[in-house]
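1. Just the structure for this:
(one chain, ligands or ions: 1)
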Amino acid sequence: MTTPSRTAVVTGASSGIGAATARALAAAGFHVYCAARRRDRIEALAAEIGGTAVECDVTSEDAVAALADAVGERLDVLVNNAGGAFGGAPVAQADSDEWRRMYEVNVIGLMQVTRALLPALLASGAGAILNVGSTAGRIAYEGGGGYTAAKHGTQVVTETLRLELFDQPVRVMEIAPGMVKTDEFALVRFDGDQEKADAVYAGVAEPLVAEDIADAIAWMVTRPPHVNIDELVIRPRAQAAQHKVHRV
Ligand SMILES: NC(=O)c1ccc[n+]([C@@H]2O[C@H](COP(=O)([O-])OP(=O)(O)OC[C@H]3O[C@@H](n4cnc5c(N)ncnc54)[C@H](OP(=O)(O)O)[C@@H]3O)[C@@H](O)[C@H]2O)c1
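-> Okay, the predicted model is just below:
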């Protein structure tokens, strides 16, 4: 009898950190379910890595239920990566819809996917949940109120889940990246304004890239089942703290 391959779900697999993580987990031997809204991208990725594409908006309960159906009864790893920032106005000028969207994807979406896939993760006997938080979930910065509030949410949901599942065969972990230069994150945040997006990384000679985060995630989820990396904060060397970035 052949051993069934280990399986992983990566949400937000259509770009950036999620796509790199799907590739890293496939290279580590996982069959990866690549979930995101942009079907063409996840289909191309799934074909490249021998995985399965599942179109899924994590904020939709129906779409998440369909993802759980596609995965079936057993799952080894869930990477809740879908997320993002929208806008950068100070609280005094905040856009309520942008704030709702950030809470929806970074907190409620993460909860919905976790709730739907938890039975399959437990059924594996050694499941792992890896939530992609942010250093924005540790600090505050001007203009970041909606995103920092949402990513603080990601962090406390992770902690809550770890407490609630303390006697169950599943690990609950968070990675909190600092500045990562991905193609779309800042562009989405500033509504397609390339100049503003480029300014975020201007002069940073060696920012982190998606593959650096994917490498760390792959390491975290492939530790032995009794080893829980509660949280891992990861920044480029040039970013000593959120407000202290070395630019040349
Ligand atoms: N880049 C950074 O500096 C940085 C730092 C710390 C943390 N992070 C976090 O890392 C994660 C990935 O960021 P990234 O830099 O790789 O950004 P990105 O390239 O913009 O990726 C975001 C991903 O989330 C997916 N997504 C967005 N809304 C979704 C929804 N409703 N349902 C399903 N998928 C959804 C997007 O795919 P579709 O549009 O196809 O659905 C995309 O694949 C996010 O959680 C972000 O907050 C990023």
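
2. in the longest strand anywhere in the chain, what counts as buried?
-> If you go by DSSP state E, the chain has its longest strand at strand 170-177. Within strand 170-177, the residues that qualify as buried are 170-177, counting by 16 or more other Cβ atoms under 10 Å. Using the backbone N, CA and C atoms, a C-beta is placed for each residue, glycine as well.

3. now swap in stretch 210-225 and tell me
-> For stretch 210-225, by 16+ other Cβ under 10 Å, it's 210, 212-214, 216-218, 220-222.

4. Show me what the longest strand of the chain is packed against.
-> helix 109-123, strand 127-132, helix 145-164, helix 210-221, strand 231-234 (3 or more Cβ pairs under 8 Å, 6 or more residues apart in numbering; DSSP states H and E).

5. how about those, which one is nearest His243?
-> With Cβ to Cβ as the measure, helix 145-164 is the member of the helices and strands packed on strand 170-177 nearest His243 (13.1 Å).

6. Return the distance of the helix or strand containing Glu48 from the chain's centre.
-> Remark: Glu48 resides in helix 39-49, with elements defined by DSSP states H and E. How far helix 39-49 lies from its chain's middle: 18 Å, per Cα atoms, centre = their mean, to the nearest Å.

7. The next helix or strand after it near the ligand at all?
-> Of the helices and strands lying after helix 39-49 in sequence (DSSP H and E), the nearest is strand 52-55. No. In terms of Cβ under 6 Å from any ligand atom, no part of strand 52-55 sits within range of the ligand; the closest distance is 8.8 Å.

8. give me the number of residues near Val204?
-> 18 (other Cβ atoms under 10 Å).
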